[in-house]
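K.L.:
pasting a predicted model and its sequence here:
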Amino acid sequence: MKWSALAACLAVFASYGANAQTAGQLVKGASDTSNVLNYGMGYNLQRFSPLTQINKDTAKNLVPVWSYSLADDRSQESQPLVYEGIIYLTTHAATMAIDAKTGKQIWKTKVEYPPETPRIVCCGINNRGAALFDGKVFRTTLDANVIALDAKTGKELWRQNAADVKEGYSMTVAPLVADGVVLTGISGAEFGIRGFIDGWDPETGNHLWRTYTIPSPDEPGGDSWKGDTWKHGGGSTWITGSYDPELNTVYWGTGNPGPFDSAVRPGDNLYTCSVLALDPKTGKMKWHYQFSPNNPFDFDAVAEMVLADMMVEGRPTKVLLDANRNGFFYVFDRTNGKLLAANPFVKVNWASGIDMKTGRPIEADVTTDAREGKKVMVHPSWFAGAKNWSPMSFNPQTGLAYANTLSFGTYYKTRSVTYKAGAWYTGLDRSFSPFEFGDAPRGHLKAIDPMTGKAKWEVPSDIPRYSGVLSTAGGVVFTGELTGEFEAFDADSGKKLWQFQTGSGIEGQPVTWQRDGVQYVAVTSGYGGAYSIFSGDERLASVPTGGSLWVFAIRPQ
Ligand code: CA
């Protein structure tokens, strides 16, 4: 080989190496202000940025830099990732790389679905984002495939099928790369699936392990299911887990048991409505905690398990924070799963509290009645809970969690149901409307003290916000309305600093980064998720569909 050819080879190799995301970079993601390498803006899922160029004083000068059409009129819930000036974004139907400075598309790879793919999955057709590692973009598809693409070209490198879409399995989750393994969850608890979390080899796509969230009768916890009920026990895993590299532990939440009618599945129904602490290399469970045993409602505990270092009773503690759909805000010692606090952060009537000795909810008559098939009014609503999937932010400087909470109850009643592959398996009585909305605001953006569940401030919204939250060291909290306004609030007072109409409803996950001296903030716009589908909220009829990505920065003064 001639020297020039060898040098060219080395140059290509060096540039490839420089452009590939390393395990070390993923670990440092939360403090890497020039990139957004992780779902949740860090393995800890805090969605907090140390950046300060956009702050309480300057936020009023935010202007759009560019907007990119997603050519897709579904719900846009995907979190953008940013690496070396390139944005990687997903819809259910495509993966895209976009120049972060100009908004120009670099590549776009469509997801081809076989015609028989059911086009209606539980709660909206969407995708929540990608993972980056070692020059590859990893994503999931509605027909339950995990795909690796070349980050440079968008070319597909490998594809693996996780489960059969005809049996109600689907995927919307953003993968997590932890300890050199690609982890993915699964959707479909409303269709009688048996939930699981998978581990894949990032290089080859080889299936490394599967941990079922529903144990078989011979496994630990198997005795919490009667007869064959475990086979369709639900326990979906549709939101990305957090990861503590020092403890080498992944924290992943699980969904509701199936069917909703709990009379057919007596027992605690492990490990539904739980958080699982897993070894990412093997999928082995280190500890678990079940928020809602034998849950008769739809209280998925899938939403983000935020990791933080906090003082608890005068002691620095590695905690896990969870604003649960069941209405309680939980704080754990994440090294061992010990429950440290559990307090309501919205109106709750299904339980009077959590017994701190046993960790079990102290259930109220509403829950007993629901199990007996009586019609009840449950707070928070069985349908959306106290906070749905849309992720909160934890700001370590204020010590507060900023979350979009839901402030309404719903009627609920079950009926008997028979399992049929690929069909709804809830046992929900749909002969009446679950809704009886008053005039009160249906949602609040709250700044919550994790240890008490109490709000330092709250900002009401008539139509509840269903988007992610981002907070920054500039003292700004970003989120958005289903009516399209992307908003900035003062982290200390809740005062609105700025808003911008993005053209469709916001259900996305805002992120921020800084490059060449400019701080950018980005969010997807495009509505069509669970609330807009199921609530019958007539005020949303005038909100146009249409997906786009918006990027903002401070107008030069
Ligand atoms: Ca569910």
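P.N.:
In hand now; what should we look at?

K.L.:
residues in contact with the residue lying closest to residue 335 once chain neighbours are set aside?
P.N.:
Of all residues not flanking residue 335 in the chain, residue 318 sits nearest, at 5.6 Å (CB to CB, 6 or more residues apart in numbering). Where you see a C-beta, it was placed from the backbone N, CA and C, and this is true even at glycine. Each residue near residue 318 by CB atoms under 8 Å, 6 or more residues apart in numbering is listed here: 244, 247, 307, 309, 333, 334, 335.

K.L.:
what subset of these is buried?
P.N.:
Neighbour counting by 16 or more other CB atoms under 10 Å classes 244, 307, 334, 335 among the contacts of residue 318 as buried.

K.L.:
now render the residues you listed as TSV, adding secondary structure.
P.N.:
What follows is these, written out as TSV (DSSP: H, G, I helix; E, B strand; the rest coil):
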residue	secondary structure
244	strand
307	strand
334	coil
335	coil
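
K.L.:
quick check: the farthest pair among the residues you listed?
P.N.:
307 and 335 (11.1 Å; CB to CB).

K.L.:
what about the closest residue to the ion within the stretch 351-500 of the chain, helix or strand, and which?
P.N.:
Closest approach of the stretch 351-500 of the chain to the ion (CB to the ion) occurs at residue 426, with a separation of 8.7 Å. If you go by DSSP states H and E, residue 426 is not part of any helix or strand.

K.L.:
and the residue nearest to it when sequence neighbours are not counted, how many neighbours does it have?
P.N.:
Residue nearest to residue 426 in three dimensions, not counting chain neighbours: residue 260, with 4.6 Å by CB to CB, 6+ apart. If you count neighbours by other CB atoms under 10 Å, residue 260 ends up with 26.

K.L.:
what's near enough to touch residue 260?
P.N.:
Neighbours of residue 260 in contact, by CB under 8 Å, 6+ apart: 296, 297, 298, 382, 414, 426, 427, 428.

K.L.:
quick check: the nearest residue to residue 167 once chain neighbours are set aside vs residue 192, distance?
P.N.:
Nearest residue to residue 167 in three dimensions, chain neighbours excluded: residue 421, at 5.1 Å (CB to CB, 6+ apart). As judged by CB to CB, to the nearest Å, residue 421 and residue 192 stand 8 Å apart.

K.L.:
compare neighbour counts for the two and give me the winner.
P.N.:
residue 192 (24 against 12).

K.L.:
isn't the more buried one up against residue 169?
P.N.:
No: Residue 192 sits out of contact with residue 169 when judged by CB atoms under 8 Å, with a separation of 10.1 Å.

K.L.:
next, give phi and psi for residue 292.
P.N.:
Here is the backbone geometry of residue 292 (degrees, to the nearest 10): phi -130, psi 90.

K.L.:
does it touch residue 360 like I think?
P.N.:
No: counting by CB under 8 Å, residue 292 stays clear of residue 360, with 9.6 Å between them.

K.L.:
what does the stretch 201-350 of the chain have sitting close to the ion?
P.N.:
The stretch 201-350 of the chain comes close to the ion at residues 255, 256, 298, 300, as judged by CB under 5 Å from the ion.

K.L.:
ok, so of the residues you listed, who is nearest residue 68?
P.N.:
So of those, ranked by how close each gets to residue 68 (CB to CB), first place is residue 300, at 31.2 Å.

K.L.:
just give the closest residue to the closest one, not the sequence neighbours.
P.N.:
Spatially, and ignoring its direct neighbours in sequence, residue 300 is nearest to residue 255 (4.0 Å; CB to CB, 6+ apart).

K.L.:
would that neighbour count as being in a strand?
P.N.:
No: counting by three-state DSSP, one finds residue 255 to be coil, located in no strand.

K.L.:
count the neighbours of it for me.
P.N.:
30.

K.L.:
OK, contacts around it?
P.N.:
Contacts of residue 255 (CB under 8 Å, 6+ apart): 189, 195, 213, 234-238, 272-273, 300-302.
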